[in-house]
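Asker: predicted model and sequence below, questions to follow.
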Amino acid sequence: EVAQLDRGLQAAALAVAAGATDALVAAALLHDVGHLLRLDGGSVGPHERTGPRYLERLFPRTVTVPIALHVRAKRYLCAVEPAYAGGLSAGSRRSLGTQGGPLGPDEVVAFEETAGWREAVALRRWDDAGKRHDLDVAGGGAHQSRPPAPVPPATLAPPPHRRHPRPSLGDLAICPHRAD
């Protein structure tokens, strides 16, 4: 198995290579944060719910919706592309059963009517491709190749109960570790 951080970095690097928006690159990087919250003892429930719930305080829906839908996107791809399931990692194949298996025909239609479904499918494909031991993205330098997209002022306004504004997507840049 590839470590969670490496999986996120790999998925984000693949999103950058595909020319994804900054929001979708951020979603690729953070798509499994719900697993990390569980390890920290801070969440109860499926990672596709707990991760977006945690992140919605920090990022716009263009980041959190694909994360919330990425497990359903796996189920969707298993339903519409019969060979897809065979290419899943062992862990993804195991979890598919507990996540409900491939979507049924009515669920496929409903998923395709859900806002953000295409972005979730793209994220899912990067997630699947980003579970490799031979894909080196150490330090996250790929995420620094583009300037951050401007965040509309309305998304920066904190909710009344918060004192600090949301970070922009540019705040997500990961700095390479130095040996000095």
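Answerer: It's in.
Asker: tell me which helix or strand of this protein sits lowest on mean pLDDT?
Answerer: helix 153-156 (a mean of 40; mean pLDDT, DSSP states H and E).
Asker: so which bits of whichever strand or helix holds Trp126 are buried?
Answerer: If you go by DSSP states H and E, Trp126 is part of helix 117-129. Using 16 or more other CB atoms under 10 Å as the test for burial, helix 117-129 gives Trp117, Glu119, Ala120, Val121, Ala122, Leu123, Arg124, Arg125, Trp126, Asp127, Asp128. Every residue, glycine included, has its C-beta placed from N, CA and C.
Asker: CSV please, covering those residues and showing distance to Ala68 and pLDDT.
Answerer: Formatted as CSV, the buried residues of helix 117-129 follow (distance: CB to CB, whole Å; pLDDT from 0 to 100):
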residue, distance to Ala68, pLDDT
Trp117, 11, 97
Glu119, 11, 96
Ala120, 8, 95
Val121, 13, 95
Ala122, 14, 96
Leu123, 10, 93
Arg124, 12, 92
Arg125, 17, 94
Trp126, 16, 94
Asp127, 13, 89
Asp128, 18, 88
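Asker: nearest to Leu37 among these?
Answerer: Closest to Leu37 out of the buried residues of helix 117-129 is Asp127 (17.3 Å), distances taken as CB to CB.
Asker: now the angle from the helix or strand harbouring Arg94 to helix 117-129?
Answerer: Here Arg94, judged by DSSP H and E, is contained in helix 90-98. In terms of direction (axes from the mean of the first three to the mean of the last three CA atoms, to 10 degrees), helix 90-98 departs from helix 117-129 by 140 degrees.
Asker: helix or strand right after helix 90-98?
Answerer: Later in the chain than helix 90-98, the nearest helix or strand by DSSP H and E is helix 105-112.
Asker: and the contacts of that next one?
Answerer: Residues outside helix 105-112 that contact it (CB atoms under 8 Å, 6 or more residues apart in numbering) are Leu69, Arg72, Ala73, Arg75, Tyr76, Ala79, Val80, Leu103, Trp117.
Asker: Leu55 contacts Ala68, doesn't it?
Answerer: No: between Leu55 and Ala68 there is no contact under CB atoms under 8 Å: 9.3 Å.
Asker: surely Leu30 and Ala68 touch.
Answerer: No: counting by CB under 8 Å, Leu30 does not reach Ala68; the two are 11.5 Å apart.
Asker: who touches both of those two?
Answerer: Gly51.
Asker: quick one on the thing from earlier: which residues sit against the helix holding Arg94?
Answerer: With CB under 8 Å, 6+ apart, helix 90-98 has contacts from Glu1, Lys74, Arg75, Cys78, Ala85, Leu88, Pro102, Asp128, Lys131.
Asker: list the residues that contact the second one.
Answerer: What that stands for is Lys74. For Lys74, the contacting residues are Leu88, Ser92, Leu96, Gln99, Arg124, Asp128, by CB under 8 Å, 6+ apart.
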